[in-house]
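Enquirer: Quick one: sequence and predicted model below, then my questions.
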Amino acid sequence: MLALVVSAFFVLITFGIQNTYAALQMKSETVENSFSPMENKAPQINEIVSGNDNYITEKKNVTVTNNNEFSVRVRAIIVASWQDANGNTLAVTPVEGTDYSIEYGDDWENKDGFYYYKTVLKKGETTTALISECKPLKAAPVEGYTLSINIVSQTIQSKIDNRKLPFGDQ
């Protein structure tokens, strides 16, 4: 009886090893990715700044230009800080309405801290003003620091060029 159990065990092991080896030896054809993404160029931030090199007194007409060869959706974030002439940032954040005033454009929508341009921006087009006007209301809490308003913008292709794709509109 023991010989029968041991023989059955070896038969099971042999078939298990053969099946595992066969599965590991299976090969398939190589498939190449034919997707070639378009280069997404950084959007250009346009602004009118008044003041001198060390102290900006006002920022006006802040817009974004699409530098891509395709239409995009645009979003931006506005970062307010106190900075010195060397670009060092103070740990205290300026407060809108208390430390500075800002007027936003009508064609932008604020969602979760980002400002989204409401329409698609075609190749070479420029948005309407994100910021109409921004200026400090009082001095920084530490001498040598001034208000700094930086705009960081991102774009994403608004529509896939599907002329070569076998499926419908995206």
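Expert: That came through fine. Residues are numbered from 1 along each chain as shown.

Enquirer: Once you drop chain neighbours, what's closest to the residue nearest the centre of the chain?
Expert: The centroid of the chain falls nearest to residue 154 when counting by Cα atoms, centre = their mean (4.9 Å). In this structure, residue 154 finds its nearest non-sequential neighbour in residue 75, 5.5 Å apart by Cβ to Cβ, 6 or more residues apart in numbering. In this view, the C-beta of every residue, glycine as well, is placed from N, C-alpha and C.

Enquirer: same check, this time on residue 94
Expert: Leaving aside its chain neighbours, residue 94 sits nearest to residue 80 (4.9 Å; criterion: Cβ to Cβ, 6+ apart).

Enquirer: you'd agree the one you found is up against residue 97?
Expert: No. Here residue 80 does not reach residue 97: they are 11.2 Å apart, not a contact under Cβ atoms under 8 Å.

Enquirer: higher neighbour count, those two?
Expert: A direct count of neighbours by other Cβ atoms under 10 Å for residue 80 and residue 97 places residue 80 higher, at 16 against 8.
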